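Asks: model this:
(one chain, ligands or ions: 1)
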Amino acid sequence: MDLGLKGKTAIVAAASKGLGFEIAKALAEEGVKVSICARNESELVKARETIVKATGGEVLAVKCDLTIQEDIKNLVDKTVETHGDVNILVNNSGGPPSGFFTELSLEEWVKAVKLNLMSAVTLTKYVLPYMIKNHWGRIINSTSFSVKQPIEELILSNSIRLAVVGFAKTLANEVGKYNITVNNVCPGYFKTDRVIQLAKSKADKLNTTIENIFKGWESQIPLGRLGNPREYAELIVFLASERASYITGATIQIDGGIIKSSL
Ligand code: NAP
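Replies: The predicted structure follows:
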């Protein structure tokens, strides 16, 4: 299948490792000019080098804290300066801390709103004019399966990511006339640093091992295993492609079947 992505330009936020990194690499393999960002510059530069080596693609790395508006503007400006345009936006970010409601401070709530909602809103604000001008665009919000089924001890994710879903569905209605699609993707458990960290903090609390926590998660997944980040990236690449031209306003899970509801 020709995905029709060659020569397009993408911003993949929070992409020095984990899901964002795999998405950026998979897009670069399809001939997309990619911009990646993260806070830790040395990790980011390493990620850029790895993607360039693996794909021979054009990759721009911009240090950016997605909770800082000026950093986000700089990321978009540098992308346009270097790649000439922005056609695809993958809104991804770090995860909010785990914890029960009684354990989390109001400051942590405000921080999570900035990280997981406002980063997507701000990036979209700066990128949208380029998509409107081109009469073509793809906005993909990487969220979590928490938007379809609350996850224990993750009240920040369960709450704030639903605002992203509402944002995307409404925006999809507003920008369809410009041939811009807006979708959400909801990952189940994929083995990344973030998930290993979550497993570790759960294991410490329950006085057990990380292996036991993984086993517990695997037992809830019909496919019996955690996902490989590459499997996640392939769905995002498809949604970014010409082949997904009639999918918009959708919230699509990729979770090995862990979500228990029918819809
Ligand atoms: P990860 O392996 O920890 O990678 C996170 C990436 O985000 C890193 O590149 C990190 O780099 C960057 N980042 C974090 N905070 C940032 C900030 N303020 N500004 C810019 N970049 C930032 O995490 P992941 O597993 O790929 O998860 C990515 C997102 O998907 C998270 O929101 C997570 O909650 C969500 N999610 C993941 C899964 C899963 O199974 N992996 C499931 C559901 C939801 P720096 O630290 O250097 O900034």
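
Asks: when you work out contacts or count neighbours from here on, use the C-alpha atoms and nothing else.
Replies: Fine.

Asks: longest strand of the chain?
Replies: Across the chain, the longest stretch assigned as strand under DSSP state E is strand 180-187.

Asks: okay, strands next: where are they in the stretch 151-263 of the chain?
Replies: With DSSP state E, counting those that start in this stretch applied, the stretch 151-263 of the chain shows strands at 180-187, 251-254, listed in chain order.

Asks: out of the ones you listed, deepest packed?
Replies: Mean neighbours per residue, mean count of other C-alpha atoms under 10 Å, is largest over the strands of the stretch 151-263 of the chain for strand 180-187, with a mean of 24.

Asks: that one near the ligand anywhere?
Replies: Yes: residues of strand 180-187 contacting the ligand under C-alpha under 6 Å from any ligand atom: residue 187.

Asks: in stretch 27-42, what's buried?
Replies: 27-38 (16 or more other C-alpha atoms under 10 Å).

Asks: dump the strands of the stretch 151-263 of the chain into a markdown table; add mean pLDDT as well.
Replies: Converted to a markdown table, these look like this (pLDDT from 0 to 100):
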| stretch | mean pLDDT |
| --- | --- |
| strand 180-187 | 98 |
| strand 251-254 | 98 |
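
Asks: which residues of the chain score low on pLDDT?
Replies: Judged by pLDDT under 70, the chain has no weakly predicted residues.

Asks: tell me which stretches of it form helices.
Replies: Per DSSP state H, the chain has helices spanning 18-29, 41-55, 69-83, 106-113, 119-134, 155-175, 193-206, 210-220, 229-240. These are given in chain order.

Asks: winner for burial among those?
Replies: Using mean count of other C-alpha under 10 Å, helix 18-29 ranks as the most buried of those, with a mean of 25.

Asks: what about dumping the CA coordinates of that one to PDB?
Replies: This file holds the C-alpha atoms of helix 18-29, laid out as PDB (Å, rounded to 0.1, in the frame of the first residue of the first chain):
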ATOM      1  CA  GLY A  18       9.100   5.400  24.100                       C
ATOM      2  CA  LEU A  19       6.000   5.700  21.900                       C
ATOM      3  CA  GLY A  20       7.000   9.100  20.500                       C
ATOM      4  CA  PHE A  21      10.400   7.900  19.400                       C
ATOM      5  CA  GLU A  22       8.900   4.900  17.500                       C
ATOM      6  CA  ILE A  23       6.300   7.100  15.800                       C
ATOM      7  CA  ALA A  24       9.000   9.500  14.600                       C
ATOM      8  CA  LYS A  25      11.200   6.700  13.300                       C
ATOM      9  CA  ALA A  26       8.300   5.000  11.500                       C
ATOM     10  CA  LEU A  27       7.300   8.300   9.900                       C
ATOM     11  CA  ALA A  28      10.900   8.900   8.800                       C
ATOM     12  CA  GLU A  29      10.900   5.400   7.200                       C
END
